[in-house]
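> Next come a sequence and a model predicted from it.
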Amino acid sequence: MERELIGKTAKELTENLKSRYGISSTSQIYKRMNHLGLKPRKGNGEVWLEEKQLEELDKLDEHLKSGYRLDEYVVENREALVKAEPQIPEVKVEAIAAEAIIDNNDAWEQMNQAAQTKATGNLILQNLLAKQYLENPELLPEEMRQAIAATEVQACPKVLNPLEYAQEALRRSLVST
């Protein structure tokens, strides 16, 4: 498939889509893409939508501009829009007695090192993804953004005076000692 609409970053691609459809809201672009199940492709320092994906976004835009709602739009061939994930080849592993590994200290150390490396990589990836979502909360699904907004109201329902807050906390700590 051809790369139809390209950006250097996801933000640039989103800006290109906002311009294409005459939309000022980034969240509206994400809602449309989520409804269609679209995920931009990434590689070689670019982010893009393929021709079929963009055609479906164009159809959805026409649908919405005709006065219909997003939830009324039916995606006819979702599989064609969403590429299948690459298949991981199945690897056959011969059974090895646990005692043989435990008794062989070198094998045990190598396996332990591999497990630590994998865990470290997964934790780093999790932290990087979390950082990405913290820096770009608009990438989160709508229901998650609503949950965040609800906790912001609950956590701090009114504006606090920092000096009054500190004095009250100090007063309470002195009373409890």
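Arrived safely.
> What does the pLDDT read for the nearest residue to Leu57 once chain neighbours are set aside?
Among residues not flanking Leu57 along the chain, Arg32 sits closest, at 6.3 Å (CB to CB, 6 or more residues apart in numbering). Quick note: C-beta positions are derived from backbone N, CA and C, even for glycine. Arg32 carries a pLDDT value of 93.
> Looks like Arg32 contacts Glu56 (just checking).
No - taking contacts as CB atoms under 8 Å, Arg32 lies outside contact range of Glu56: 9.5 Å.
> more neighbours, the two?
Using other CB atoms under 10 Å, the more surrounded residue of Arg32 and Glu56 is Glu56, with 23 against 20.
> The more buried one is in what secondary structure piece?
Using DSSP states H and E, Glu56 sits within helix 51-65.
> which helices and strands sit right next to that helix?
strand 3-7, helix 10-21, helix 26-36, helix 78-81 (3 or more CB pairs under 8 Å, 6 or more residues apart in numbering; DSSP states H and E).
> Can you check which of these gets nearest to Leu174?
Among the helices and strands packed on helix 51-65, the nearest to Leu174 by CB to CB is helix 26-36 (47.0 Å).
> Tell me which other helices or strands that closest one touches.
helix 10-21, helix 51-65, helix 142-155.
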